[in-house]
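# Model the structure of this input:
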Amino acid sequence: MFEVTEGALLADTAGVREALDSVREVGVHLAVDDFGTGFASLNYLLTLPFTHVKIDWSYTSMLPGSDRSAAIAKGLLQMAVTSGLGVIAEGIETVEQRRILLEAGCPIGQGFLFSRPQPPDVIGRMLHSTLPAPRDPTTDRLHDRFGCEGGPEGSLSSRGAST
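Below you'll find the predicted structure:
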């Protein structure tokens, strides 16, 4: 999956459209990163070839304490899903945040709950390892419920991981 920040969409829309179309033509999924932070028009979701939106960590980080953040995160999730887009929640750091987002219908997440950023050599060893990743009971339920066994549609990656 290739992530594009909302700010990158503000410059040279025609050139951005051409580049994104080329990336999609080879089968790469595209996500609007930091969605909901206010830079991009909702029109970009209609006019550019995105497959996913990433709900910005600023909304998930306030869960479960902020009703306002929960409402915004759920609204963004609902809007994306009804538009046919996949949704990824950024910044998941607690089991409670993951539970709230799963119950709201967001099956893909990333954040420190799943992994801290790792240097490239460690990521390489993790990707080439035949050993399964350590799981906790909540992660096992997530895997059972959504079939998350890796790949772009089921990955639970870490926010800010080096590649």
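
# only C-alpha atoms for contact and neighbour calcs from this point on.
Fine.

# need the longest helix for this structure.
Using DSSP state H, we find that the single longest helix of the chain is helix 67-82.

# avg pLDDT for that helix?
Regarding helix 67-82, the rounded mean pLDDT is 85.

# Stretch 35-55 now?
80.

# Following the chain onward from the longest helix of the chain, which element is next?
strand 86-89 (DSSP states H and E).

# In terms of secondary structure, what does that next one contact?
strand 52-55, helix 67-82, strand 108-109 (3 or more C-alpha pairs under 8 Å, 6 or more residues apart in numbering; DSSP states H and E).

# Pull the residues that contact the longest helix of the chain.
Contacts with helix 67-82, where a contact means C-alpha atoms under 8 Å, 6 or more residues apart in numbering, come from 36, 52-53, 55, 59-60, 62-64, 86-87, 104-106.

# cool, and stretch 88-96?
Here stretch 88-96 makes contact (C-alpha under 8 Å, 6+ apart) with 52-58, 60-61, 63-64, 98, 101, 106-114, 138, 159.

# Wait, a helix at residue 3?
No: counting by DSSP: H, G, I helix; E, B strand; the rest coil, residue 3 is located in no helix; its state is strand.

# quick one: it and residue 29, what's the gap?
Residue 3 is 9 Å from residue 29, where distance means C-alpha to C-alpha, to the nearest Å.

# Show me which of those two is the more surrounded one.
Remark: of residue 3 and residue 29, residue 29 carries more neighbours, 19 against 15, as counted by other C-alpha atoms under 10 Å.

# lowest average confidence, helix or strand, in this structure?
Within the chain, no helix or strand scores below helix 137-146, which has a mean of 51 by mean pLDDT, DSSP states H and E.

# coming back round to it: please indicate which of the contacts of helix 67-82 are buried?
36, 52, 53, 55, 59, 60, 62, 63, 64, 86, 87, 106 (16 or more other C-alpha atoms under 10 Å).

# three-state assignment of residue 33?
Residue 33 ends up strand, using three-state DSSP.

# so who does the residue nearest to it when sequence neighbours are not counted touch?
Take residue 33 and drop its neighbours on the chain: the residue closest to it by C-alpha to C-alpha, 6 or more residues apart in numbering is residue 5, 4.6 Å away. Contacts of residue 5 were listed using C-alpha under 8 Å, 6+ apart, and they are 32, 33, 34, 35.

# if we go to 7 Å?
32, 33, 34 (C-alpha atoms under 7 Å, 6 or more residues apart in numbering).

# That one and residue 32: what is the separation?
From residue 5 to residue 32 the distance is 6 Å (C-alpha to C-alpha).
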